[in-house]
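[1] Sequence first, predicted coordinates after that:
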Amino acid sequence: MASNSLDMDPDVARNLFAEGATLVLLGVPRGTELGIDCKTWQVGPKFRGVKMIPPGLHFLHYSSVNSPSCGTEIGPKTGLFLKLKPREILLANWDAKEEDLDFSASKNEEEVSKIRANLQELDPHLGPYPYDVMRKWVSLTDRLNDEVANKLQPLSGRICAFSDVIPELQLTHTKDRAEQPRNDKACESMREGLDRLPKMKQREGTELRFSDIPKKTYPPGATPAEITQCSMDHSYALDLVLEKYYQAQPLNLLGELQFAFVCFLIGNVYEGFEHWKRLLALLCRSEEAMKKHKDLYLGLIAVLYHQLGEIPPDFFVDIVSQNNFLTSTLQDFFQFASGPGVNSTLRKRAEKFKAHLTKKFRWDFDADLDDCAPVVVELPEGFTVN
């Protein structure tokens, strides 16, 4: 890990030195890719941790590396959110067997006291927090607090780029395995081969705990006309999510949107991207909700402004513009935001955001609106929809 090469304001440096937290990470193998928030380094032989960390919520992430004799290969990324207090010292040791950081030493007050007493000697081996990306990190997480992060983080405490999966059917004894049907006949198709593979499930405790977004956007017993209306306006489904998960603090839903985005952008977790898409579609396609939750939608515009500013332009070509997801979703948002009953401040903010995206990405949000409108279908009397 390189020394601090940025020109930090002297007053900021003094404040961070006095009030900043310290991550002491012992035994991390040389060559490991390790980062905090929006910055990543390759660990050198003298690395012992990170100092001068601003108090607050941070995302520590790392990828283990093979031993040099096996050829250098970087493993999948692992990350975790940490809430750090002023002057806090958090101690972790590298577990070579698990290829993970073990924070249990932080619970040993005697060990932490020793580290604090020897902090001056350890200081040359501690890299400074990357102050140059602090503004970016704050803009990506200003709606995310530690309460929401802890609620969404897996029970294992680790966010992994690759899911930890195990067979659904645990065959621990030879007799059990022998009784399973065998088929030595060659597979005639890839589908047949996949069907023969053991069914897998995610290991309990490793799942991200995102809010469940209703698959049905309409209430039970809805008429065909109501189903059509709720398919165009997802406010009913959004209200269900807010009532179940964020009744006391609706704006914390934006924290979940930021959590999912950070998991994908920094943690390389594709599930985070999928949830971000679903949550964004729910918010952008809830016309009546825009009239009731002005602050939620003003916050959404600010969150999206910073998120879309951090994604490389070619990313949209590769992923986001697949099936025109983002442009079509935002097209609905801007159409609803310009409708009657929407707060004037929200309408003006949406217009400015639309102009910004049109200029930056050259997206046309006004094209073919009529062609995208859903078709309303009235069923004959006596027919019902399950």
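    Good, I have the coordinates.

[2] So which helix or strand of the chain has the lowest pLDDT on average?
    In the chain, no helix or strand scores lower on mean pLDDT, DSSP states H and E than helix 174-178, which sits at a mean of 56.

[3] so who does Gly75 touch?
    The neighbours of Gly75, taking CB atoms under 8 Å, 6 or more residues apart in numbering as the test, are 63-66, 99. (Glycine included, C-beta is placed from N, CA and C.)

[4] how near is Asn145 to Lys294?
    21 Å (CB to CB, to the nearest Å).

[5] One more: Asp142?
    Asp142 is 18 Å from Lys294, by CB to CB.

[6] and if you look at Gln153?
    Distance from Gln153 to Lys294, by CB to CB: 30 Å.

[7] Of these two, which one has the most company?
    Per other CB atoms under 10 Å, whichever of Gln153 and Lys294 has more neighbours is Gln153, with 19 against 15.

[8] which one is that one nearest to, not counting chain neighbours?
    Phe81 (5.9 Å; CB to CB, 6 or more residues apart in numbering).

[9] What's opposite that neighbour in the beta bridge?
    Taking DSSP bridges as the rule, Phe81 bridges to Phe59.

[10] Tell me which residue is most central in the protein.
    When the chain is reduced to its mean C-alpha position, the nearest residue by CA atoms, centre = their mean turns out to be Ala260, at 2.3 Å.

[11] got a list of what Pro93 touches?
    Rather than Pro, residue 93 is Asn. By CB under 8 Å, 6+ apart, the neighbours of Asn93 are 26-27, 101-102, 105.

[12] possible to save those as TSV with pLDDT?
    As requested, the contacts of Asn93 are exported to TSV (pLDDT from 0 to 100):
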residue	pLDDT
Leu26	96
Gly27	95
Leu101	96
Asp102	96
Ala105	92
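
[13] So how do I select the buried members of those in PyMOL?
    PyMOL command restricting the contacts of Asn93 to the buried ones, with burial defined by 16 or more other CB atoms under 10 Å:
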select buried, resi 26+101+105
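
[14] From the contacts of Asn93, which land in strands?
    Among these, the residues falling in strands (DSSP state E) are 26, 101-102.

[15] residues in contact with the closest residue to Arg48 other than its chain neighbours?
    Leaving out its chain neighbours, the residue that sits closest to Arg48 by CB to CB, 6+ apart is His125, at 3.8 Å. Contacts for His125 (CB under 8 Å, 6+ apart) come out as 46-49.

[16] If I look at Ala350, what pLDDT would I see?
    Listed pLDDT for Ala350 reads 97.

[17] My error: substitute Ile89 in the last question.
    96.

[18] What is the neighbour count of it?
    Neighbours of Ile89 (other CB under 10 Å): 19.

[19] Could you do Asp233 as well?
    Close neighbours of Asp233, defined as other CB under 10 Å, add up to 19.

[20] Verify the contact between it and Arg285 for me.
    Yes - using CB atoms under 8 Å, Asp233 is in contact with Arg285, at 7.0 Å.

[21] Can you pull the residues that touch both of these two?
    Jointly contacting Asp233 and Arg285 under the rule CB under 8 Å, 6+ apart are Phe336.

[22] For the stretch 251-386 of the chain, which segments are assigned as helices?
    252-265, 270-284, 287-292, 294-310, 313-315, 325-337, 344-361 (DSSP state H, counting those that start in this stretch).

[23] Check those for me and report the most buried one.
    Of all those, helix 252-265 has the most neighbours on average by mean count of other CB atoms under 10 Å, namely a mean of 23.

[24] for it, packing partners?
    helix 134-141, helix 146-152, helix 235-245, helix 270-284, helix 294-310 (3 or more CB pairs under 8 Å, 6 or more residues apart in numbering; DSSP states H and E).
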